[in-house]
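# Quick one, fold the following:
(3 chains, ligands or ions: 2)
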Amino acid sequence: MLNFARRTRRGLDLVLSTACALMMAALVACVTWQVLSRYVLARPSTLTDEASRFLLIWLVLAAAALCTGAKRHLAIDLIVGVLGARGRRWLELYIDVAMTGFAFWVMLIGGLRMMSTAAGVGELSPAMQLQMSYVYAILPVSGAAILAYCLLSIAETLAGATPGSAAAAGQGE
Amino acid sequence: MENYPALVLLFSFFFLVFTGVPIAFSLGIAAIAAGSMILPPEIILTIISQRMVSGLDNFALLAIPFFVLAGVLMNHGGIAAKLIRLAMVLVGRTPGSLGHVNVVANMLFGSISGSATAAAAAVGGVMSPMQARAGFPPTYSAAINISSCVSGLLIPPSNVMIIYAVTAGNLSIAALFAAGYLPGFLLGLSLIATGFAISRARGYGSGERAGLGDILRALVEAIPSLLLIVVIIGGILGGIFTATEASAVAVLYALVLSVGIYRTIPLKQLPAVLVEASVTTGIVLLLVSMSIAMSWVMTRADIPQTITAALLSISENPLVLLLIINLVLIVVGIFMDMTPAILIFTPIFLPVATSIGMDPLHFGIMMIFNLCIGLCTPPVGIALFVGCSVADVRVQHVVRPLLPFFGAMLLALVLVTVLPQLSLALPEFFGLYN
Amino acid sequence: ADVTLRLAHNLSQDHVLAKTFEAMAAEVEELSDGEMHIKIYPNGQMGETKDVMAMMQQGAMDMTKGFYGELQAYEPSYFVFTVPYLFQDDAHLERVLHGALMEKLNEASSKKGFFNLAGYATGTRSFYANKPINTPEDLQGVKIRVLPTPTTNRTMELLGASPVPIPFGETYTAIQQGVIDGGENNITTYVSTRQFEVAKVFSEDKHTVVVDFLTISTKSWDRLTDAQKDILLTAARHSEESAREIYQEDVVAARQAVLDAGNEIVEVDPAPFQAAVQPLIDELMADPAKAELIEAVRAEAAE
Ligand code: NA
Ligand code: NA
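Ligands and ions are numbered 1, 2, ... in the order given. Presented below is the predicted three-dimensional model:
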């Protein structure tokens, strides 16, 4: 059981961190090209602005999932210090349940609803004429990943393992 | 009945935050709780997910991942180390001198980029390792970086000033820009004075005594790193790229230097660097998107109007009114991001301010100054979050080191409020306003 | 029964339509003996228009100031309002806004969850920069801030300008610092965004019209009683008239403000611009669906 959890977590970490690294590199390329094309081309690129905004949305939500897995989100953990080991496990469970609820209802369900509304009316982006439902798709994807991390963490806590994973792949420090 | 969403919002948010739920998720869940009181739950779920996405759909936000990435590259690539060496020999042994460098760098950088968060990411990313090496506690240097990064919103050019001028209607942006200089410098100076006093009392680190030879050697070695600053500032002022685009150019320059020329970062290590920058970006911008979702619920539930109406009915005395306005804005700044706060409160407060004889220019500067303080205050403040993330310190640990700097900022705010000339002298002198 | 309609728009409160909507809300209140309310959220407090439209589809907002740029995302036919030099003058545009074509557009939009109660013509878009733009030659390589859509991009390309997509809020500093050379909009927006402080010459080539709408969600509309629908329609129709009047006053004031600032307003002969964009018209006419819409607009032109 714990072995399975560890493998799943490593797989998710790998997929998300690879995606983040690629998107970050693409973002740099995109905005650099936006500047260059103004001087190199007579007709500068008008798509890079929109492309980079959409890439940013994807990057942030993918990275947010990665941070959830690595327990890197900013939090004020004042009461953890005053609790005993048992209390800490209960607190850990409560926090994971709260995040699970948000990831499920807002990011997964709300995100899917938003996607289906946009797809239903065929909402297009102004510059690239891209289906907006593709842009919104990252929300349920990220929600599902956060959900998975939280459920893994809950399973680990219940099984009595040390909560939290090793820092996400690529985290040297 | 009217006040229930406000109470639910406040109570649920504080409960969640203080029981250790990550701040971003606390914001989101509190927004659902309050939103469910004004709209059916299935609608509020979709709206919050939509606000999360469209809050991120903003080109100016790109400055955050890019400056964070540039900072990581500069630190791993030894570019920062060369700047550190130079700063150490230049500032000499004045108490807390690296802290003053941090404030001045933020004033310069923020002035040009017009973004507090970009300044906090760019300057803090480079300065915090420097200050750690000089013996500053990381929480203290984070506190300096956080409180000073907002000065660029007052020192022009500044996008929030444009938003205020356009929202207020028929206000000259050029005049507003001129009005920001003195209050912006006042803010910076008050922080430097505070830092000086604290550093002297606690014996906080400074640079080292150095001879002319040391200084020259450090200068020559730092030239390629200094050129980065020249490229960025020159490129923006020369109209080659916008402040947001400059952040991508900074990444490119740091990349060429550290991977290509110095070869201090092997290509193999690049993915790890990209992931490290992505993680910081994810932490900070998830908070931004959640706080935008929360602002929507507050607006839709008429929370700002309800609170304001109740408070403004207390008194008609101009000084009391000004005090109330400032208090409301500070409380609002604790929860709301700057742009929605300006959009919502300008129409509410500006008529009140002008009715007691306050100049719209003066009012705008006071409001922006006030909301700047809100950006650094816990539990919600984007400058606070970026500053903590780049310095890798916990939010609750910077609260105490931040307190004296808040004191200085509040004192400066009082001066800006009661001395209209601080705001109006320059625009009048340059004939931009009468 | 009491009903409150929530109207969110992205205009500052001194904009023509912001003032118009205030008056309309008062009229609705009066006509319904205080039973119908319109609550207005100005300044983009609730989000950009595209976000508000998504909220309207969910039933979380009722009305917005629709703009063809955003309406196009849902119903491509709105591109007709972006075709350069298609409308002869304000009267022509007004006829289209109250004619058969508009009914067709509204019918199509209704399927996507909203339609327009009123249409407002607020002048034409022209170029502004720090030099006069008398002919397309003057635009060669000039960096102009645009809202990128396929039609506007092609228009700029044919005119020789370099279209740069700069966010609305960054346009002022981008012109000031020289990242871009200018923008294009109607004269009232040129003044209200204060961009006249940094771009000193307004060249009236009048390449496209500016149209805004009062857009309502079909869900909210269906919720109203027949009497309430009548009241809203009456107030909406009056709002078109008052918008026209306020706009005329605002144009006079804006022109005065521009001249007072020492700026120049240049009269431009549109003929060479019209000739330059002809290939775009030809391309659009090659698509039967688009040709039909363009012909429908032309049919409303004066003899
Ligand atoms: Na600035
Ligand atoms: Na705050």
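# alpha carbons only for contacts and neighbour counts from here, please
OK.
# Can you name every helix or strand that the longest helix along chain A contacts?
Using DSSP state H, we find that the single longest helix of chain A is helix A:2-40. Where contact means 3 or more C-alpha pairs under 8 Å, 6 or more residues apart in numbering or on different chains; DSSP states H and E, helix A:2-40 is packed against helix A:48-69, helix A:138-158, helix B:243-255, helix B:270-300.
# Quick check: mean pLDDT of it?
The average of the pLDDT scores along helix A:2-40 is 93.
# and what of stretch C:273-291?
On average, stretch C:273-291 scores 96.
# Now do the contacts for C:Leu158.
C:276-277, C:279-280 (C-alpha atoms under 8 Å, 6 or more residues apart in numbering or on different chains).
# Of those residues, which is the most crowded?
C:Val277 (21 neighbours; other C-alpha atoms under 10 Å in any protein chain shown).
# Tell me if whichever helix or strand it is part of is near chain A.
Assigned by DSSP states H and E, C:Val277 belongs to helix C:271-285. No: taking C-alpha under 8 Å from any C-alpha of the partner chain as the criterion, helix C:271-285 and chain A are apart, separated by no less than 15.9 Å.
# Any buried residues in that helix, and which?
C:273-274, C:276-277, C:280-281, C:284-285 (16 or more other C-alpha atoms under 10 Å in any protein chain shown).
# Over to stretch C:149-157?
For stretch C:149-157, by 16+ other C-alpha under 10 Å, it's C:149, C:151-157.
# Low-confidence regions, the chain specifically.
In the absence of a named chain, this looks at chain A. A:1, A:161-173 (pLDDT under 70).
# that answer is for a different chain, and I need it for chain B
Checking chain B against pLDDT under 70 turns up B:1-3, B:92, B:113, B:205-208.
# Close to ligand 1: what parts of it are there?
B:111, B:114, B:152-153, B:155-158 (C-alpha under 5 Å from the ion).
# Apply 8 Å and report the result again.
B:109-115, B:151-159 (C-alpha under 8 Å from the ion).
# hmm, which of those residues are the buried ones?
B:109-115, B:151-159.
# Just give me the closest of those to A:Arg72.
B:Ser115 (24.5 Å; C-alpha to C-alpha).
# contacting residues for the closest one?
Contacts of B:Ser115 by C-alpha under 8 Å, 6+ apart are B:150, B:152-153, B:158-159.
# Over to C:Asp14. Which of the three states is it?
coil (DSSP: H, G, I helix; E, B strand; the rest coil).
# If you could redo that for C:Asn134, that was the one I meant.
Classified using three-state DSSP, C:Asn134 is coil.
# Distance of B:Met74 relative to chain C?
27 Å (C-alpha to the nearest C-alpha, to the nearest Å).
# That residue in helix, strand or coil?
helix.
# Can you give me the buried ones in the longest helix of chain A?
Neighbour-count burial for helix A:2-40 [16+ other C-alpha under 10 Å]: A:5, A:9-10, A:12-14, A:16-21, A:23-24, A:26-35, A:37-38.
# circling back: any idea which helix or strand comes after the helix holding C:Val277?
helix C:288-299.
# what distance separates that following helix from the middle of the whole chain?
Centroid separation for helix C:288-299 versus its chain: 20 Å, with C-alpha atoms, centre = their mean, to the nearest Å.
# tell me what it is packed against?
helix C:100-112, helix C:271-285.
# Specify the angle between it and helix C:100-112 in degrees.
Inter-element angle recorded for helix C:288-299 and helix C:100-112: 140 degrees (by axes from the mean of the first three to the mean of the last three C-alpha atoms, to 10 degrees).
# how about the residues of the stretch 101-250 of chain B near chain C?
B:157, B:159, B:162-163, B:166-170, B:172-174, B:236-242.
# Return the members of those classed as buried.
Here, 16+ other C-alpha under 10 Å leaves B:157, B:159, B:162-163, B:166-169, B:172-174, B:236-237, B:239-242 buried among these.
# show me what contacts C:Ala291?
Per C-alpha under 8 Å, 6+ apart, neighbours of C:Ala291: C:284-285.
# go on, the one 5 residues further on?
Each residue near C:Ala296 by C-alpha under 8 Å, 6+ apart is listed here: C:Leu101.
# With just CA atoms, put stretch B:39-51 into PDB.
The C-alpha trace of stretch B:39-51 is given here as PDB (Å, rounded to 0.1, in the frame of the first residue of the first chain):
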ATOM      1  CA  LEU B  39     -25.600  32.500  -4.900                       C
ATOM      2  CA  PRO B  40     -26.400  28.800  -5.400                       C
ATOM      3  CA  PRO B  41     -23.300  26.600  -4.500                       C
ATOM      4  CA  GLU B  42     -23.000  25.100  -7.900                       C
ATOM      5  CA  ILE B  43     -22.800  28.600  -9.500                       C
ATOM      6  CA  ILE B  44     -20.300  29.900  -7.000                       C
ATOM      7  CA  LEU B  45     -18.000  26.900  -7.600                       C
ATOM      8  CA  THR B  46     -17.900  27.600 -11.300                       C
ATOM      9  CA  ILE B  47     -17.400  31.400 -10.700                       C
ATOM     10  CA  ILE B  48     -14.500  30.800  -8.300                       C
ATOM     11  CA  SER B  49     -12.800  28.500 -10.800                       C
ATOM     12  CA  GLN B  50     -13.400  31.100 -13.500                       C
ATOM     13  CA  ARG B  51     -11.900  33.900 -11.400                       C
END
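# got the residues of chain B near ligand 2?
Counting by C-alpha under 8 Å from the ion, chain B sits next to ligand 2 at B:330-336, B:373-382, B:384.
# Give me the residues contacting the one helix or strand in chain C whose mean pLDDT sits lowest.
The weakest-scoring helix or strand in chain C, judged by mean pLDDT, DSSP states H and E, is helix C:68-74 (a mean of 86). Outside helix C:68-74, the residues that touch it by C-alpha under 8 Å, 6+ apart are A:121-126, C:49-50, C:78-79, C:81-82, C:109, C:112, C:149, C:211-212.
# C:Ser162: what's it in contact with?
A:38, A:42-44, C:140-144, C:156.
# Tabulate these (JSON lines), appending distance to ligand 2 and secondary structure.
As requested, the contacts of C:Ser162 are exported to JSON lines (distance: C-alpha to the ion, whole Å; DSSP: H, G, I helix; E, B strand; the rest coil):
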{"residue": "A:Arg38", "distance to ligand 2": "38", "secondary structure": "helix"}
{"residue": "A:Ala42", "distance to ligand 2": "45", "secondary structure": "coil"}
{"residue": "A:Arg43", "distance to ligand 2": "43", "secondary structure": "coil"}
{"residue": "A:Pro44", "distance to ligand 2": "39", "secondary structure": "coil"}
{"residue": "C:Gln140", "distance to ligand 2": "47", "secondary structure": "coil"}
{"residue": "C:Gly141", "distance to ligand 2": "44", "secondary structure": "coil"}
{"residue": "C:Val142", "distance to ligand 2": "42", "secondary structure": "coil"}
{"residue": "C:Lys143", "distance to ligand 2": "39", "secondary structure": "strand"}
{"residue": "C:Ile144", "distance to ligand 2": "37", "secondary structure": "strand"}
{"residue": "C:Met156", "distance to ligand 2": "43", "secondary structure": "helix"}
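# ok, now which ones touch residue 21?
Going with chain A. So A:Ala21 contacts B:271-272, B:274-275, B:278 (C-alpha under 8 Å, 6+ apart).
# Hmm, no, I was thinking of chain C.
So C:Phe21 contacts C:40, C:239 (C-alpha under 8 Å, 6+ apart).
# Over to it: give its phi and psi.
Per-residue torsions, C:Phe21: phi -60, psi -40 (degrees, to the nearest 10).
# Hmm, B:Ile155 is touching B:Leu186, no?
No: counting by C-alpha atoms under 8 Å, B:Leu186 is not a contact partner of B:Ile155; they are 10.4 Å apart.
# from memory B:Arg93 sits against B:Tyr204, does it?
No: using C-alpha under 8 Å, B:Arg93 is not in contact with B:Tyr204, being 10.3 Å away.
# quick one, which of these two is more surrounded?
Of the pair B:Arg93 and B:Tyr204, B:Tyr204 is the one with more neighbours under other C-alpha under 10 Å, namely 22 against 16.
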